[in-house]
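Q: need a 3D model of the sequence below.
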Amino acid sequence: RTLRLPYGTGIAAVAERTRAPRTGGGVHPSGWLDARLHLTDPRDLTTAVHRLRRLFDLDADPYAIDERLSTDPRLAPLVAARPGLRVPGAVDPLEAA
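A: Sure, this is the predicted structure:
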């Protein structure tokens, strides 16, 4: 995924972390995202992270959303089947338009 940023361009590679061995004998928990950023200017780091958080809806409170949606009798079974499911967003507001 390419990013147009204030000081240049960036490339973001995001992958779901699966349960896999970790150095040191532990395991990575599932349900995480690993992100790698390649930026032309390090001043864009904060902006790039903010945009990825928006893309994956990471600032939403999934528990509060599930609680509210579960009050609807039609949505409750869907929420129970996939708790914490998020709606993907957009990196750039123009993408969503």
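Q: which residue ranges of the protein form strands?
A: Along the chain, counting by DSSP state E, strands occupy 2-5, 8-17, 32-39.
Q: tell me which of those strands lies nearest to V91.
A: strand 2-5 (6.2 Å; Cβ to Cβ). Where C-beta positions appear, they are placed from N, C-alpha and C, glycine not excepted.
Q: if we can go back for a sec, need the strands of the chain in TSV with distance to A90 and mean neighbour count, can you?
A: Output for the strands of the chain, formatted as TSV (distance: least, Cβ to Cβ, whole Å; neighbours: other Cβ atoms under 10 Å):
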stretch	distance to A90	mean neighbour count
strand 2-5	12	15
strand 8-17	13	13
strand 32-39	16	13
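Q: list the residues that contact the most centrally placed residue in the chain.
A: Nearest to the mean C-alpha position of the chain, counting by Cα atoms, centre = their mean, stands F56 at 2.7 Å. Contacts for F56 (Cβ atoms under 8 Å, 6 or more residues apart in numbering) come out as V14, L33, R86, P88, G89.
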